[in-house]
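**Q** Build me a model from this:
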Amino acid sequence: MKILITQKIPDIAEKMLKNAGHEVDVAGENILTKEELISALKLKPYDGVISLLTNQIDSEILDNAKSVKIFANYAVGYNNIDIEEANKRNIVITNTPGALTDAVAEHTVALMMSLVRRVTEADKYLREGKYKGWEPLGFLGADLKGLNVGVLGAGRIGYRVAEILKKGFELSVSYYDVKRNEIFEKELSAKYFENPEELLKNSDIVTVHVPLLDSTKHLINAERLKMMKPTAYLLNTSRGPVVDENTLVEALKNNVIAGAALDVFENEPMLAPGLADLPNVVITPHIASATPKAREGMAILAAQNIIDFFAGKTPANKV
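**A** Down below sits the predicted model:
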């Protein structure tokens, strides 16, 4: 079969596909525009595509990919793909869950530590030559032990973050999800809240790990930010549009909450005006899964999904 990879990913994917007898093309090193993706799809009658989150696979793209039978998304999320349109055309969609759980969880904790202990603020202060000696009241941060972390989204990553914070930092855990998670409650002694509002009101740290759906867009908005404690912190390593970024900027400016740490943004790669200027925010450029192990694991899953599909099997990660 003819397979297109829309942007260079770890070589293991290409090797696996070729070893399985497939012909593989890699579109290039850079993110494709919509026009460039359409042009790439027209070069050959491709049977399968490994797509990235930066590729918006909508009806127009699908109309120009008439021979494609499977899009293997190189990501856990698949909000970049119009699933309904794909279903109409009997195109299979797969994703890569599990491979990046530890990496994303660990990055979430790294963001939290940088935020509550004001690491990036202090780093900038030192680099700018402002440090004149030890200051007894300089850059006072929060003590973590005994605080309550509220987890929005009780999936793999949410659980792993909660586990690290519970067992490593002795935080109390609470969570909200559309369905209860007995593992959270049994293993982490976690308290379940029946709605996000109650979790926000009762948490010192809120960490967001939900998929991007119509129901979760702007899950964190102006009204809900006001429900949080003024001493509370918000972390988001899920999807940018889950947080109303403009209202978050205003909340941070006006000390509605103490701070926020974000690895994802509402209109990537653009940031909401003023976000990067705030001292009480830590931002990283969508790198939570950026470890060799995680990225290679994602490549293996994406390639295996395609290999299994063309071998007549149901891909393990079919959406």
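
**Q** helix, strand or coil for the most centrally placed residue in the chain?
**A** Centroid-nearest residue in the chain, with CA atoms, centre = their mean: Ser238, separated by 3.3 Å. Assigned by DSSP: H, G, I helix; E, B strand; the rest coil, the conformation of Ser238 is coil.

**Q** same deal with Leu53?
**A** The three-state assignment at Leu53 reads coil, by three-state DSSP.

**Q** Same question for Ile306.
**A** State at Ile306, reduced to three classes by three-state DSSP: helix.

**Q** Is it in contact with Leu4, as I believe?
**A** No: counting by CB atoms under 8 Å, Ile306 does not reach Leu4; the two are 10.6 Å apart. Glycine gets a C-beta too; all of them are placed from N, C-alpha and C.

**Q** any common contacting residues for these two?
**A** Any residue near both Ile306 and Leu4 by CB atoms under 8 Å, 6 or more residues apart in numbering counts here, and that gives Gly48, Ile50.

**Q** element containing Asp123, please.
**A** For Asp123, the host element (DSSP states H and E) is helix 119-127.

**Q** From the chain's centre, how far out is that helix? Work that out for me.
**A** Centre-to-centre, helix 119-127 and its host chain are 26 Å apart (CA atoms, centre = their mean, to the nearest Å).

**Q** Which strands or helices does the helix or strand following it pack on?
**A** Counting by DSSP H and E, the next helix or strand C-terminal to helix 119-127 is strand 148-152. Secondary-structure packing of strand 148-152 (3 or more CB pairs under 8 Å, 6 or more residues apart in numbering; DSSP states H and E): helix 156-169, strand 172-176, helix 196-202, strand 205-208.

**Q** now with 10 Å?
**A** helix 156-169, strand 172-176, helix 182-188, helix 196-202, strand 205-208, strand 233-236 (3 or more CB pairs under 10 Å, 6 or more residues apart in numbering; DSSP states H and E).

**Q** so which of these comes closest to Lys130?
**A** strand 233-236 (24.3 Å; CB to CB).

**Q** In its sheet, which strands sit next to that closest one, and in what direction?
**A** Next to strand 233-236 in the sheet, as set by DSSP bridges, lie strand 205-208 (parallel), strand 259-262 (parallel).

**Q** After the first one, which helix or strand is next?
**A** Read it as strand 205-208. Using DSSP H and E, the helix or strand that follows strand 205-208 in sequence is helix 222-227.

**Q** ok, now the last one?
**A** Heading C-terminal from strand 259-262, the first helix or strand you meet, by DSSP H and E, is strand 281-283.

**Q** which other residues reach that following strand?
**A** 110-116, 118-121, 233-235, 248-249, 252, 259-265, 271, 274-276 (CB atoms under 10 Å, 6 or more residues apart in numbering).

**Q** List only buried entries from those residues.
**A** 110-116, 118-121, 233-235, 248-249, 252, 259-265, 271, 275 (16 or more other CB atoms under 10 Å).

**Q** related to what we said a few turns ago, and Ile306 and Leu4? Which one has more around it.
**A** Comparing Ile306 with Leu4 by other CB atoms under 10 Å, the one with more neighbours is Ile306, at 29 against 23.

**Q** quick revisit: can you list the strands paired with strand 233-236 in CSV and add mean pLDDT and distance to Tyr78?
**A** Formatted as CSV, these follow (pLDDT from 0 to 100; distance: least, CB to CB, whole Å):
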stretch, mean pLDDT, distance to Tyr78
strand 205-208, 98, 18
strand 259-262, 98, 21
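
**Q** List just the one of those that sits closest to Asn73.
**A** For Asn73, the closest of the strands paired with strand 233-236 is strand 205-208, at 20.7 Å, according to CB to CB.

**Q** who touches Phe193 in this structure?
**A** Shown in contact with Phe193 (CB under 10 Å, 6+ apart): Gly150, Leu152, Ser174, Tyr175, Tyr176, Asp177, Leu199, Leu200, Lys201, Asn202, Ser203.
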